[in-house]
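Enquirer: coords please:
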Amino acid sequence: MVGPERTESGGNSLLEVDDLTVSYGRHVALSGVTLTVRQNEIFGIIGPANAGKTTFLQAVNRMDQFNDAIKVDGAVRFMGRDVARWRNTFALRRQIGVVFPLPVGLPLSVYENVAFAPRLRGVSKKADLDVLVERYLRRAALWEEVKDRLDTLGSMLSGGQQQRLTIARALSQDPVLLMLDEFSIAVDPVTTMKIEDVLRELRSELTILLVTNLVQQARRLADRTAFFLDGSLVEVGVTEDLFTGRARHRETVDYIEGRFG
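Expert: The predicted structure is shown next:
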């Protein structure tokens, strides 16, 4: 297996991962991962099933803390601080919005799904909440479709609309980093393209970490892409380089060209 990829840490880095290893008992899910994610870039992560992609995201925002069987070694620095040293993990997660493969909505109306995080921040006036709800729904390309049914339960929306509602709710945290874990799994192609357009627009406002099972989606969106295989980072490169024959490792080329995965 190819060894861990070493990448330089630039002055505009937002996330720095150094020799990250994650184990579930005797099973090593990630081994020696080192990479840097820069501010205001879309950073893609591709790889087959069980490559460690979701485990990587969980390590970034400390979702692993709920499982005592997980052992994490190495360092994950977000905004210059090791995430293991954030005393308040809720404060960490407010900086990191997460969108999962399947829509995960709160059992609330469309309006309250988006207003939930602002309320937690202390926004209480209806007029202020109205402005914020509209803002985040517009940023998720959903406002025009739901503006006349904000009191409808979020679970009553179509699957694609629910996924965009999930994105709106993640954005309502005003995160610095938005992580998406294979958001296209339960979304039709038309909605997928709408969300991709949203992500391109958001790139100027925040950093996006995009795990995708669609290699061409990474090519369309990501500035740089990392290829994971069997729990190891094979390589990181400028996305177009990886897709135009300039990948450094044969495994990357074989995966991108569909020889396995």
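
Enquirer: Quick check: residue 70 vs residue 45, distance?
Expert: 19 Å (Cβ to Cβ, to the nearest Å). Glycine gets a C-beta too; all of them are placed from N, C-alpha and C.

Enquirer: Which one's more surrounded, the two?
Expert: Here residue 70 and residue 45 are set side by side on neighbour count (other Cβ atoms under 10 Å), and the busier one is residue 45, at 28 against 17.

Enquirer: And the contacts of the helix or strand that that one is a member of?
Expert: Take DSSP states H and E as the rule and residue 45 turns out to sit in strand 42-46. Strand 42-46 is contacted by residues 37, 53, 56, 199-200, 203, 207-213, 215, 217-218, 221-228, 239, 255-256 when judged by Cβ atoms under 8 Å, 6 or more residues apart in numbering.

Enquirer: Would you map the strands across the stretch 151-261 of the chain?
Expert: Here the stretch 151-261 of the chain has its strands, by DSSP state E, counting those that start in this stretch, at 177-181, 207-211, 224-229, 232-238.

Enquirer: that older thread, of the contacts of strand 42-46, keep whichever come out buried.
Expert: 37, 53, 56, 199, 203, 207-213, 215, 217-218, 221-228, 239, 255-256 (16 or more other Cβ atoms under 10 Å).

Enquirer: Residue 109 contacts residue 154, doesn't it?
Expert: Yes. Contact criterion Cβ atoms under 8 Å: residue 109 and residue 154 qualify, at 6.7 Å.

Enquirer: so how far is residue 158 from the closest residue to residue 152 other than its chain neighbours?
Expert: Counting by Cβ to Cβ, 6 or more residues apart in numbering, residue 110 is the residue found nearest to residue 152 once chain neighbours are left out, at 5.7 Å. According to Cβ to Cβ, residue 110 stands 12 Å off from residue 158.

Enquirer: So between these two, which is more surrounded?
Expert: A count of neighbours by other Cβ under 10 Å puts residue 110 above the other of residue 110 and residue 158, at 28 against 13.

Enquirer: contacting residues for that one?
Expert: 137, 146, 149-154, 157, 165.

Enquirer: ok, 6 Å please
Expert: 146, 150, 152, 154 (Cβ atoms under 6 Å, 6 or more residues apart in numbering).

Enquirer: Roughly how far does it sit from residue 188?
Expert: Counting by Cβ to Cβ - residue 110 and residue 188 are separated by 20 Å.

Enquirer: For the stretch 1-150 of the chain, give me the ranges with low pLDDT.
Expert: Applying pLDDT under 70 to the stretch 1-150 of the chain flags the ranges 1-11, 65-66.

Enquirer: What segments of it are strands?
Expert: 13-24, 27-38, 42-46, 70-78, 81-82, 96-99.

Enquirer: Give me the helices and strands touching the first one, please.
Expert: This means strand 13-24. strand 27-38, strand 70-78 (3 or more Cβ pairs under 6 Å, 6 or more residues apart in numbering; DSSP states H and E).

Enquirer: angle of the longest one against strand 42-46?
Expert: Direction vectors for strand 27-38 and strand 42-46, defined by axes from the mean of the first three to the mean of the last three Cα atoms, to 10 degrees, enclose an angle of 160 degrees.
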